[in-house]
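Asks: Only the shape, not the letters, is given here:
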């Protein structure tokens, strides 16, 4: 239940994709920013653990506006990277120019159709055991 609350809080924190600085033209820079932000957050988490003897809660994060903003920025940047990677994968998967069949090509012969179609598997007959 606590995880659900945390996810809801993160969902509210991420208002719009446009809130993230547009770095679509420099994904490597965006990834470097994510790594730097994550490093700062991990350092803060470690320092908090040493100072308080426990891990930080969502309430602790909300009580520190600078850290709360960093968590929000980190999440937004991660989402932006995921979207860029999805777009890149779609661009690679879908050809930019559709491949069209030649209008002059004759229909496949019966032999060609048979080669393309999977042959039916024979049903094995159970052998009587002696």
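Replies: Cool, got the structure. Being a predicted model, the structure only gives us computed values, none of them experimental.

Asks: Show me the helices in the protein, by range?
Replies: In the chain, the segments counted as helices under DSSP state H are 2-13, 27-52, 58-63, 65-93, 110-116.

Asks: For these, give me JSON lines that also has mean pLDDT and mean neighbour count.
Replies: Any C-beta I mention is one placed from the backbone N, CA and C, and that applies to glycine too. Listed next are those as JSON lines, based on pLDDT from 0 to 100; neighbours: other Cβ atoms under 10 Å:
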{"stretch": "helix 2-13", "mean pLDDT": "50", "mean neighbour count": "11"}
{"stretch": "helix 27-52", "mean pLDDT": "91", "mean neighbour count": "13"}
{"stretch": "helix 58-63", "mean pLDDT": "94", "mean neighbour count": "13"}
{"stretch": "helix 65-93", "mean pLDDT": "89", "mean neighbour count": "14"}
{"stretch": "helix 110-116", "mean pLDDT": "70", "mean neighbour count": "9"}
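
Asks: Just the terminal-to-terminal distance for stretch 46-65.
Replies: 18 Å (Cα to Cα, to the nearest Å).

Asks: Sorry, slip of the keys, the one I care about is stretch 54-65.
Replies: Taking Cα to Cα, the first and last residues of stretch 54-65 lie 20 Å apart.

Asks: swap in stretch 51-70?
Replies: 20 Å.

Asks: can you check stretch 59-69 too?
Replies: 13 Å.

Asks: residues making contact with it?
Replies: For stretch 59-69, the surrounding residues in contact (Cβ atoms under 8 Å, 6 or more residues apart in numbering) are 13, 41, 44, 48, 52, 71.
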